[in-house]
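Novice: This is a predicted model, with the sequence first.
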Amino acid sequence: MHDHAAGTVAAVLERMPGWTVAPLVRAHQARVAPGDPVGAALGARVVVVLVGERPALSSADSPGLYLTWAPRPGRTDAERNRISTLRPPHGLGYAQAGDTLAALLTAAREPGASGVMLEDEGTAVPPGAG
């Protein structure tokens, strides 16, 4: 997170003109699910969580982005979209991650859903956005 958070957030914000962004929340040693109660408490329509991947993975220094529409406690992984292997220059770059996330957020607006519901709608998103 120390290496990739600033570049990721900057790339995402550049691609989201017209979107209102709630205060960024930093949660030490957190996973994806805490974004749900935080997003609900803030009244957010969507939450994006940037989380460091587990150290046991071959690329432990590559965080992932997780998108959940209508966050609230009890959401499941099937209701999220993940953009993984954010690891310039050996994986996904900041600009590509920002483009992919912007495409997912835009696509999620119409059905008001993320995860498998978004994919089931046949929404075309860039590779690696599933």
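Specialist: Arrived safely, thanks for sending.
Novice: Can you list the low-confidence ranges for this protein?
Specialist: For the chain, the stretches flagged by pLDDT under 70 are 1-2, 53-62, 87-88, 119-130.
Novice: Helices along that one, start to end?
Specialist: Secondary structure of the chain (DSSP state H): helices located at 5-14, 35-42, 94-109, 116-120.
Novice: check contacts around residue 23.
Specialist: Residue 23 sits next to residue 42 when contact means Cβ atoms under 8 Å, 6 or more residues apart in numbering. C-beta coordinates here come from the backbone N, C-alpha and C atoms, glycine included.
Novice: For residue 71, find the nearest of the helices of the chain.
Specialist: helix 35-42 (3.0 Å; Cβ to Cβ).
Novice: Save the helices of the chain as TSV, and put in distance to residue 24 and mean neighbour count too.
Specialist: Output for the helices of the chain, formatted as TSV (distance: least, Cβ to Cβ, whole Å; neighbours: other Cβ atoms under 10 Å):
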stretch	distance to residue 24	mean neighbour count
helix 5-14	7	16
helix 35-42	11	18
helix 94-109	15	20
helix 116-120	24	16
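Novice: Export those as CSV, with columns for distance to residue 83.
Specialist: Shown next, in CSV, are the helices of the chain (distance: least, Cβ to Cβ, whole Å):
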stretch, distance to residue 83
helix 5-14, 10
helix 35-42, 14
helix 94-109, 5
helix 116-120, 13
